[in-house]
Each structure stands twice: as C-alpha cells, then as structure tokens.
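Peer 1: the sequence and its predicted three-dimensional model are supplied below.
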Amino acid sequence: MLEKLAQINRRYDEIEALLSDPSAYADPAYMAKLLKEQKEIAPVVEGYRTYTRCETRAAEAKEMLTGETDPDLRALAQEEYDEA
C-alpha cells in the first residue's frame, strides 16, 4: 500500500513539473486533464506526505531515545516520539 501511495506522490510531482513547462499551455485540453488529475490526487498526496513526515519524526525521536542518557533530554525525546 505504501508503495502505491509513493507512486501517486511521484505522479503528483511529475504533474507539477509538466504544469511548470510553458509548452503545456499550448494545448488547453492537455492542461485541463493535468489539472483535473492533480486536483483528484492532491488529498491523497497531502495525507501521504503528512504520514511520511510523522514517520521520519518518530524514527528520529526513537533514535534520540535509545542514545540519550540525560533524563531531561530523554523526556523531551519521548515527548517528541509520542507526538509524532
């Protein structure tokens, strides 16, 4: 499932690149198709990107937890992990 979401994310990036190409404006039907597809997958991409950011934050906090001996920093790392 995550691979499918990553694929949709890559397609979204591809659409953004295509939309930034001035030659795309020469074909209004093509532009409309790209904009429609972008609009349809935007909520999925936003959710996937939020998920990956949280996963990264959790992994970083977990790494801090395993190596931290200072109780205050450990508590901060635990809070960050729980929040992520």
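Peer 2: Nice, I can see it.

Peer 1: check contacts around residue 18.
Peer 2: By CB atoms under 8 Å, 6 or more residues apart in numbering, the contact set of residue 18 is 24, 34. All C-beta spots, glycine's among them, are computed from the backbone N, C-alpha and C.

Peer 1: so for it, what's the pLDDT?
Peer 2: We note a pLDDT of 95 for residue 18 in this prediction.

Peer 1: that one: which element?
Peer 2: helix 2-19 (DSSP states H and E).

Peer 1: list the buried ones in that helix?
Peer 2: 5, 9, 12, 15 (16 or more other CB atoms under 10 Å).

Peer 1: show me the two of those residues that sit farthest apart.
Peer 2: Maximum pairwise distance among the buried residues of helix 2-19 (CB to CB): 15.5 Å, between 5 and 15.

Peer 1: and the residue nearest to residue 37 when sequence neighbours are not counted, how far is that from residue 4?
Peer 2: The shortest distance from residue 37 to any non-neighbouring residue, by CB to CB, 6 or more residues apart in numbering, is to residue 15 (6.1 Å). To residue 4, residue 15 is 17 Å away according to CB to CB, to the nearest Å.

Peer 1: got a list of what the residue positioned nearest the centre of the chain touches?
Peer 2: Closest to where the C-alpha atoms of the chain average out (CA atoms, centre = their mean) is residue 49, at 1.8 Å. With contacts defined as CB under 8 Å, 6+ apart, the neighbours of residue 49 are residue 9.

Peer 1: distance of it relative to residue 8?
Peer 2: For residue 49, the distance to residue 8 (CB to CB) stands at 11 Å.

Peer 1: tell me the mean pLDDT for the longest helix along the chain?
Peer 2: Ranked by residue count, the top helix of the chain under DSSP state H comes out as helix 28-67. Helix 28-67 carries an average pLDDT of 91.

Peer 1: list the buried ones in that helix?
Peer 2: 34, 38, 41, 45, 48, 61, 64, 65.

Peer 1: so after it, what's the next helix or strand?
Peer 2: Scanning forward in sequence from helix 28-67 by DSSP H and E, the next helix or strand is helix 71-83.
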